[in-house]
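Colleague: For reference, the sequence and a predicted model appear below.
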Amino acid sequence: MTHRIAVLALQGDFAEHENALRQCGSEFMEIRQRADLQKSFDALVIPGGESTVIGKLLRELELFTELQARIQAGLPVFATCAGLILLADRIENDSAAYFRTLDVTVRRNAYGRQLGSFHTEGDFATLGRVPMSFIRAPSIERVGNGVTVLSEFDGKPTAVMQGNQLALAYHPELLADHRVLAWFLERIASRGKMG
Ligand code: GLN
């Protein structure tokens, strides 16, 4: 069965996610407006960018409620950085909250002192070491009982999975190593879902 991945293309690094999907041989489409929700897709990518801007556009374009309902109903999601913030149940240093489908508390712009951006590598699930690019990234300060931690940095989770949602504080889409995305795609291809 062919899977088609929808990329939320309102703001942020959605083009890099599309490039990564292309490299993985995956079919994709963009979600830019309400009419795009009529098309059929099997998973959703929420890119990095500015969570406040993406959150505002989701509401203005009347995408928010339907996407939230679909995620709650089990639509697989691959989210990076701002995407993680959009899924989080709570944002520690912001009164806003968005989809609230992922039982974690995050802190925005939590890593790095000066530019707030750095590169490292670390273990991801069973993949071994993968490169990790942090760009004004959120930290994950709390994870709920149903949340599995897949990678950590500095003693804090940096990749988590709950049900069909996979969310990363870093940006694999910016690098040439697409194993984390391939891991997600393989899981949904073989099971139609993550878990
Ligand atoms: N700092 C951004 C935010 O708060 C996230 C940064 C990113 O996605 N690279 O939304």
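Modeller: Yep, that arrived.
Colleague: got a list of what H119 touches?
Modeller: Contact analysis of H119 by CB atoms under 8 Å, 6 or more residues apart in numbering lists 131-134. All C-beta spots, glycine's among them, are computed from the backbone N, C-alpha and C.
Colleague: next one: L21
Modeller: Shown here is L21, whose contacts under the criterion CB under 8 Å, 6+ apart are 5, 7, 28, 45, 181.
Colleague: for the residue minimising distance to the centre of the chain, which residues make a bridge with it?
Modeller: The geometric centre of the chain, computed from its C-alpha atoms, lies nearest to A79 (CA atoms, centre = their mean), at 0.5 Å. Counting by DSSP bridges, A79 is bridged to I46, A167.
Colleague: Per-residue confidence at it, what does it come out as?
Modeller: For A79, the model assigns a pLDDT of 98.
Colleague: from memory it sits against Q165, does it?
Modeller: Yes: with contact defined as CB atoms under 8 Å, A79 counts as touching Q165 (7.0 Å).
Colleague: Touching both of those two, which residues are there?
Modeller: Contact criterion CB under 8 Å, 6+ apart; residues bridging A79 and Q165 by contacting each: L87.
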